[in-house]
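Q: sharing a model that was predicted from the sequence below.
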Amino acid sequence: MKPKTVINVQGTTVGVFNGSNSDFISITDIAKYRNQDEPFSVINNWMRSRSTIEFLGLWEKLNNSDFKPIEFDRFRN
């Protein structure tokens, strides 16, 4: 998917994608600021963080009516 627009953040080009009701930014583009060659390693480490997992669970609970907290507990642990 090609970004609809791009923004420049501290010298890094970040793609902005348009969804049906929301806009999304590319976390891969943001991770390239930290590691141009392997942005996936930055994202991988971020996704392993306990605070990130807790944030994602809270966001889903607040914004996803189909969220299954019991299943998420197994994932979180």
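A: Arrived safely. Numbers count the residues shown, from 1 in each chain.
Q: list the contacts for the residue of the chain most remote from its centre?
A: Here the chain reaches farthest from its C-alpha mean at Ile70, the gap being 22.4 Å by Cα atoms, centre = their mean. Counting by Cβ atoms under 8 Å, 6 or more residues apart in numbering, Ile70 makes contact with nothing. Backbone N, C-alpha and C define where each C-beta goes, glycine included.
Q: now the residue nearest the centre of the chain: closest residue in space, sequence neighbours ignored.
A: When Cα atoms, centre = their mean is applied to the chain, the residue found nearest the centroid is Ile27 (5.4 Å). Of all residues beyond its chain neighbours, the one nearest Ile27 is Ile43 (6.1 Å), with distances taken as Cβ to Cβ, 6 or more residues apart in numbering.
Q: count the neighbours of the one you found for me.
A: Number of residues near Ile43 (other Cβ atoms under 10 Å) recorded here: 16.
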